[in-house]
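A.B. asks: model the structure of this input:
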Amino acid sequence: MSSFGKIALFIDGANLYATAKALGFDIDYKRLLSEFQSRGTLLRAFYYTTLIEDQEYSSLRPLINWLDYNGYTVVTKLTKEFIDATTGRRKVKGSMDVDLAVSAMELAEHVEQIVLFSGDGDFRSLVEALQRRGVRVTVVSTLSTQPPMIADDLRRQADVFIDLADLRQKLGRDPIERPALRELRQPQFLARGTIKRDDQVE
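C.D. replies: Sure, this is the predicted structure:
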């Protein structure tokens, strides 16, 4: 048994995707799970992402379905797309930061280590709060891009910083490789078991 003890993974989906893309590779999520299962007792692997409302098809849907059936707890939130009045650019309103932070705090007493896949400086106070509860926090992002994808204060706060570029051989797959369709098992119900959190009252 590894000395890392009980581990939980918290993946900021959009941030990890952008970081891997900036480094020029795709994440193989099956290998990611195996890598951290080998480092201790993996209790949970959470994947957080937003989906745009009224979008007939999201390119994220096959990935979300695959993750949902292959050991991840997927948490999604519907967001709205809008045009920024100042810049005229399309933007998305909505963030999973609070959802991720609440779940991490709830799980803190059950784990020895939390691995956060994000470079977002907004998570610095979360990391500090987890550390006060005796949890070691590893942050995975990168310094290998210009500018770096990780906020300096988040990197300083973390107990351990892992550069995603250093995990490329273990977690990466060639961008032309895609999971075979048979791997993306067709669920009977769309995204069965997926946790949906949105701000609308049904």
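
A.B. asks: my read: S95 touches N15, true?
C.D. replies: No - using Cβ atoms under 8 Å as the test, S95 is too far from N15 to be in contact (10.6 Å). Yep, even glycine has a C-beta here, placed from its N, CA and C like the rest.

A.B. asks: ok, the two, which is more surrounded?
C.D. replies: Between S95 and N15, N15 has the larger neighbour count (other Cβ atoms under 10 Å), namely 22 against 16.

A.B. asks: element containing that one?
C.D. replies: Following DSSP states H and E, one finds N15 within helix 13-23.

A.B. asks: counting by contacts, list what that helix packs against.
C.D. replies: strand 26-27, strand 41-52, strand 136-141 (3 or more Cβ pairs under 8 Å, 6 or more residues apart in numbering; DSSP states H and E).

A.B. asks: make CSV out of the ones you listed and add distance to A101 and mean pLDDT.
C.D. replies: Output for the helices and strands packed on helix 13-23, formatted as CSV (distance: least, Cβ to Cβ, whole Å; pLDDT from 0 to 100):
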stretch, distance to A101, mean pLDDT
strand 26-27, 22, 93
strand 41-52, 10, 92
strand 136-141, 12, 98
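
A.B. asks: tell me which of the ones you listed sits most buried.
C.D. replies: Highest mean neighbour count among these (mean count of other Cβ atoms under 10 Å): strand 136-141, with a mean of 23.

A.B. asks: could you pull up the mean pLDDT of the helix or strand just after that strand?
C.D. replies: Using DSSP H and E, the helix or strand that follows strand 136-141 in sequence is helix 152-157. On average, the pLDDT along helix 152-157 is 97.

A.B. asks: packing partners of helix 152-157?
C.D. replies: Using 3+ Cβ pairs under 8 Å, 6+ apart: helix 152-157 touches helix 124-132, strand 136-141.

A.B. asks: so which of those comes closest to L33?
C.D. replies: strand 136-141 (13.7 Å; Cβ to Cβ).

A.B. asks: who are the packing partners of the closest one?
C.D. replies: helix 13-23, strand 113-117, helix 124-132, helix 152-157, strand 160-163.

A.B. asks: make a markdown table from the ones you listed and add distance to K77 to it.
C.D. replies: Converted to a markdown table, these look like this (distance: least, Cβ to Cβ, whole Å):
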| stretch | distance to K77 |
| --- | --- |
| helix 13-23 | 11 |
| strand 113-117 | 17 |
| helix 124-132 | 18 |
| helix 152-157 | 22 |
| strand 160-163 | 27 |
